[in-house]
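In: Below is the structure, and that's it, no one-letter string:
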């Protein structure tokens, strides 16, 4: 048999243990931050009370979330604030970026969540980042 594994050894069941974890940055407390190499951005449509947000995919990350430091291979950062997205609009793949929760601003309307003041830093290029080369296409 090719490959060496039988179906019994390599089950493809749909269950909880086969669901990969989703790595999303959560700015929970002042001081939480992410530093990483920017790969791409995409627009995620809002649902219900949540606004549209720009999703920034970062690799080779250092993360502090909920006060706990961890290294992460890849993380997504969703930002719905035009002010922050404007600061990141010229970032190019391979560039190092960082976002840190500086403070929470009390909500003006009782019962609403506080606003989060996020500091954005943009640094130089990651020397280890390699842009994937486009495949050559041939036409007759």
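Out: The structure has been received and is ready for your questions. Since the structure is predicted, the reported quantities are computational estimates derived from the model, not experimental observations.
In: quick one, what contacts the residue nearest the centre of the chain?
Out: To find the centre residue of the chain, average its C-alpha atoms and take the closest one (CA atoms, centre = their mean): that gives residue 76, at 1.3 Å. Contacts were defined as CB atoms under 8 Å, 6 or more residues apart in numbering; by that measure residue 76 touches 22, 23, 24, 25, 55, 56, 57, 58. Yep, even glycine has a C-beta here, placed from its N, CA and C like the rest.
In: Could you turn the buried ones of the residues you listed into a ChimeraX selection?
Out: The buried residues among the contacts of residue 76 can be selected in ChimeraX (16 or more other CB atoms under 10 Å) with this line:
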select :25,56,57,58
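In: Export the contacts of residue 76 to a markdown table and append columns for secondary structure and pLDDT.
Out: Conversion of the contacts of residue 76 to a markdown table gives the following (DSSP: H, G, I helix; E, B strand; the rest coil; pLDDT from 0 to 100):
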| residue | secondary structure | pLDDT |
| --- | --- | --- |
| 22 | coil | 60 |
| 23 | coil | 85 |
| 24 | strand | 89 |
| 25 | coil | 92 |
| 55 | strand | 95 |
| 56 | strand | 96 |
| 57 | strand | 95 |
| 58 | strand | 95 |
